[in-house]
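> Model the structure of this input:
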Amino acid sequence: MTRLATNAADRLARRRYFAMTATRIAGAAGAVFGVFLAFKSHGLPVKILGIAIVLSALLMIATVPRSLAHRWRTPPQR
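Predicted coordinates:
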C-alpha cells in the first residue's frame, strides 16, 4: 500500500472515530439535559418529557456508535 493511500485510510478512520465519539458525547449531553429537565420542573408532563429524553439518549448512546462501527467495518480479506 502506498503512503498516500495509507494516509487517506488513516484520515477516514480518524473521521469515523470522531463521528462515533461525537454521537456518544451528544447522547450524554442529551441525558444530562433530560435529568435536569426531569428534576427541576414542577409539572408532571415536563417530568415525563425529561425522563423520555433520558431514555432516548441512553438508547442512542448504546445503539448508534455500534451500528456505525458495524456499517464501517473492514470487510474480511479472502
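> Please make it C-alpha for all contacts and neighbour counts, starting now.
Fine.
> Report all helices and strands that the helix or strand of the chain with the lowest mean pLDDT contacts.
Ranked by mean pLDDT, DSSP states H and E, the weakest helix or strand in the chain is helix 3-40, scoring a mean of 89. Helix 3-40 is packed against helix 44-71, with contacts defined by 3 or more C-alpha pairs under 8 Å, 6 or more residues apart in numbering; DSSP states H and E.
> Buried residues in the helix it packs on, which are they?
46-47, 50-58, 60-61, 65 (16 or more other C-alpha atoms under 10 Å).
> List just the nearest of these to residue 15.
The shortest approach to residue 15 among the buried residues of helix 44-71 belongs to residue 65, at 13.1 Å (C-alpha to C-alpha).
> hang on, isn't the closest one packed against residue 24?
Yes. Here residue 65 reaches residue 24: they are 7.2 Å apart, a contact under C-alpha atoms under 8 Å.
> these two touch, right, residue 64 and residue 23?
Yes. Residue 64 lies in contact with residue 23 (C-alpha under 8 Å); the separation is 7.2 Å.
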